[in-house]
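Visitor: after the sequence you'll find the predicted model.
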Amino acid sequence: MAFLSPVSTTQTRSSSSPSSFVLVPNSRPKSRVACALGGIVAEPTAATCVSEPLLLNAVRGKEVERPPVWLMRQAGRYMKSYQNICERYPSFRERSENVDLVVEISLQPWNVFKPDGVILFSDILTPLTGMNIPFDIVKGKGPIIFNPVQTIADVDQVREFTPEDSVPYVGEALKILRKEVDNEAAVLGFVGAPFTLASYVIEGGSSKNFTKIKKLAFSQPKVLHALLEKFATSMEKYIKFQADSGAQAVQIFDSWATELSPVDFEEFSLPYLKQIVDSVKQSHPNLPLILYASGSGGLLERLALTGVDVVSLDWTVDMAEGRRRLGADMAVQGNVDPGVLFGSKEFITKRIHDTVRKAGKGKHILNLGHGIKVGTPEENVAHFFEVAKDIRY
């Protein structure tokens with residue numbers, strides 16, 4: 001078995017870099033578990049010891065034996081077990097708004113691959129109904145907003161979100177997931193960022209050119225700002241609700257913010273992300289917040305200004321370069337190209353090791369640079385997790 005270990009002797013040190021990593025044989029280190037009495041033991045006893053999930057320790061900069069690993073969209077259409085559920089429950093909203101189904105689907109990858117993060121099966125648009133924005137997610141078409149927001153009068157009809165009343169099933173599902181996973185992995189929640197949510201609501205669904213929201217931004221900015229403020233306040237509440245229900249970390253998806261130029265990002269996305277982070281950190285200072293925006297190479301430094309704990313890199317950014325640009329204090333996530341999972345097992349192994357080597361030791365969550373693609377072979381996903389979990393610093 002091979003492990004990725006830091007070089008510590010001249011015999012194994014790479015000549016190319018003083019901080020490089022090489023693959024060397026190693027033995028699996030015993031886990032360190034903090035006990036109620038404050039000591040450290042090699043073997044935990046359930047009655048006296050409580051261990052923090054590896055993912056949380058990594059984010060907080062504690063010493064870890066390997067990078068934690070989970071995959072965006074790890075519960076989804078590439079899994080045969082999920083396809084079977086879709087046959088019985090063809091409506092995405094039914095699958096994502098029924099407590100039993102949410103829990104079952106969220107646990108499918110956990111039961112098979114044992115990732116270090118178990119993310120809630122849901123959608124960033126789930127809060128919309130509770131904000132008086134009717135929508136649906138249609139197979140083959142994606143999200144459909146029935147009454148797109150176009151005017152200030154439309155914004156006035158948007159209600160601020162009260163998750164306890166509108167999505168109680170999310171809270172119930174998270175509580176069950178915490179019990180099921182039992183701290184063997186971190187339970188993750190997630191929300192959509194204000195600009196990305198506004199993009200769907202104004203465009204009427206997915207978009208290629210984002211002309212409607214940009215027209216509103218550049219001709220009637222006050223209207224867009226009013227909508228963004230409502231989304232920001234609502235997502236603050238939603239993150240806190242998820243944390244109070246059992247989420248141990250929350251990822252914020254600002255998928256479409258990278259459609260903005262840097263100067264427009266600073267006006268229409270950054271202030272609202274900062275508002276959310278500042279509010280959450282006041283009430284939940286120890287809750288790790290992860291920010292993901294696809295195609296974010298041009299905005300990396302600005303993403304760090306939001307105050308999040310982790311910036312998730314997509315695969316178009318070299319991991320070593322991303323590390324340099326973000327600085328040593330910022331934890332990173334990612335960033336293997338999802339397409340790599342269609343390659344050979346040897347190729348997958350090579351890319352995993354390359355990513356971990358470039359990320360360096362600590363403050364790194366191994367993940368893809370985007371969600372798993374439909375049609376990805378399950379055996380390749382299994383191989384990804386096997387290789388990742390055998391790595392040792």
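Guide: The structure has been received and is ready for your questions. Numbers count the residues shown, from 1 in each chain.
Visitor: let me see the contact set for the spatially most central residue of the chain.
Guide: A centroid search over the chain (Cα atoms, centre = their mean) returns Gln251, at 4.2 Å, as the residue closest to the centre. Listed by Cβ atoms under 8 Å, 6 or more residues apart in numbering, the contact partners of Gln251 are Ile119, Leu188, Gly189, Phe190, Val191, Leu289, Ile290, Leu291, Tyr292, Ser312. Every residue, glycine included, has its C-beta placed from N, CA and C.
Visitor: could you pull out the strands for the stretch 151-300 of the chain?
Guide: In the stretch 151-300 of the chain, the segments counted as strands under DSSP state E, counting those that start in this stretch are 186-192, 249-253, 289-292.
Visitor: just confirm Cys86 contacts Glu94, I think it does.
Guide: No. With contact defined as Cβ atoms under 8 Å, Cys86 and Glu94 do not form a contacting pair (10.2 Å).
Visitor: so which of the two has more stuff around it?
Guide: Neighbours per residue (other Cβ atoms under 10 Å) separate Cys86 from Glu94, with Cys86 holding more: 15 against 11.
Visitor: part of a helix, is that one?
Guide: Yes. Secondary structure of Cys86 (DSSP: H, G, I helix; E, B strand; the rest coil): part of a helix.
Visitor: most neighbours of all the contacts of Gln251, which one?
Guide: Busiest of these [other Cβ under 10 Å] is Val191, holding 28 neighbours.
Visitor: surely it and Glu236 touch.
Guide: No. With contacts counted by Cβ under 8 Å, Val191 stays clear of Glu236, the gap being 9.3 Å.
Visitor: which SS class is Val332?
Guide: Once three-state DSSP is applied, Val332 turns out strand.
Visitor: flag every buried residue along stretch 155-167.
Guide: Neighbour-count burial for stretch 155-167, counted by 16 or more other Cβ atoms under 10 Å, picks out Val155, Val158, Phe161, Pro163, Ser166, Val167.
Visitor: sorry, wrong one. I was asking about stretch 376-385.
Guide: Buried residues in stretch 376-385, defined by neighbour count with 16+ other Cβ under 10 Å: Thr376, Asn380, Val381, His383, Phe384, Phe385.
Visitor: tell me where the model's unsure across this protein.
Guide: By pLDDT under 70, the low-scoring segments of the chain are 1-50.
Visitor: angle of the longest helix seen in it against strand 186-192?
Guide: Selection of the longest helix in the chain by residue count, based on DSSP state H, yields helix 221-245. Orientation of helix 221-245 against strand 186-192 (axes from the mean of the first three to the mean of the last three Cα atoms, to 10 degrees) gives an angle of 160 degrees.
Visitor: how about helix 221-245: buried residues?
Guide: Buried residues in helix 221-245 (16+ other Cβ under 10 Å): 223-245.
Visitor: excluding its backbone neighbours, what's nearest Met319?
Guide: In space, Met319 comes closest to Lys358 once its chain neighbours are excluded; the distance is 3.9 Å by Cβ to Cβ, 6 or more residues apart in numbering.
Visitor: let me fix that, I meant to ask about Ala293.
Guide: Of all residues not flanking Ala293 in the chain, Asp254 sits nearest, at 4.4 Å (Cβ to Cβ, 6+ apart).
Visitor: how far does stretch 375-387 sit from the chain's center?
Guide: Computed by Cα atoms, centre = their mean, to the nearest Å, the chain-centroid distance of stretch 375-387 equals 19 Å.
Visitor: what count of nearby residues applies to Ala331?
Guide: Neighbour count for Ala331, taken as other Cβ under 10 Å: 22.
Visitor: so which of the strands of the stretch 151-300 of the chain comes closest to His364?
Guide: Of all the strands of the stretch 151-300 of the chain, strand 289-292 sits nearest to His364, with 12.2 Å by Cβ to Cβ.
Visitor: distance between that closest one and the chain's centre?
Guide: Averaged C-alpha coordinates place strand 289-292 at 6 Å from its chain's average position (Cα atoms, centre = their mean).
Visitor: cool, and stretch 363-377?
Guide: Here stretch 363-377 is found 10 Å from its chain centre; the criterion is Cα atoms, centre = their mean.
Visitor: just stretch 222-230 next, same as before
Guide: Between the centre of stretch 222-230 and the centre of its chain there are 25 Å (Cα atoms, centre = their mean).
Visitor: contact partners of it?
Guide: For stretch 222-230, contacts defined as Cβ under 8 Å, 6+ apart pick out 131, 149, 151-152, 155, 158, 160, 194-195, 198, 201-202, 213, 216-217, 268, 272.
Visitor: switch to 10 Å and redo it
Guide: For stretch 222-230, the external contacting residues (Cβ atoms under 10 Å, 6 or more residues apart in numbering) are 131, 149-156, 158-161, 193-195, 197-198, 201-202, 213-218, 220-221, 267-269, 271-272, 275.
Visitor: burial measure for the residue nearest to Met319, as a count.
Guide: Number of residues near Lys358 (other Cβ under 10 Å) recorded here: 18.
Visitor: quick one: buried ones out of the contacts of stretch 222-230?
Guide: 131, 149-150, 154-155, 158, 161, 193-195, 197-198, 201-202, 213-214, 216-217, 267-269, 271-272, 275.
Visitor: circling back to that earlier point, adding distance to Tyr82, write the buried residues of stretch 155-167 out as TSV.
Guide: Formatted as TSV, the buried residues of stretch 155-167 follow (distance: Cβ to Cβ, whole Å):
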residue	distance to Tyr82
Val155	36
Val158	32
Phe161	28
Pro163	25
Ser166	25
Val167	21
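Visitor: in helices only, show me the residues you listed.
Guide: Assignment to helices by DSSP H places the following of the buried residues of stretch 155-167 there: Val155, Pro163, Ser166.
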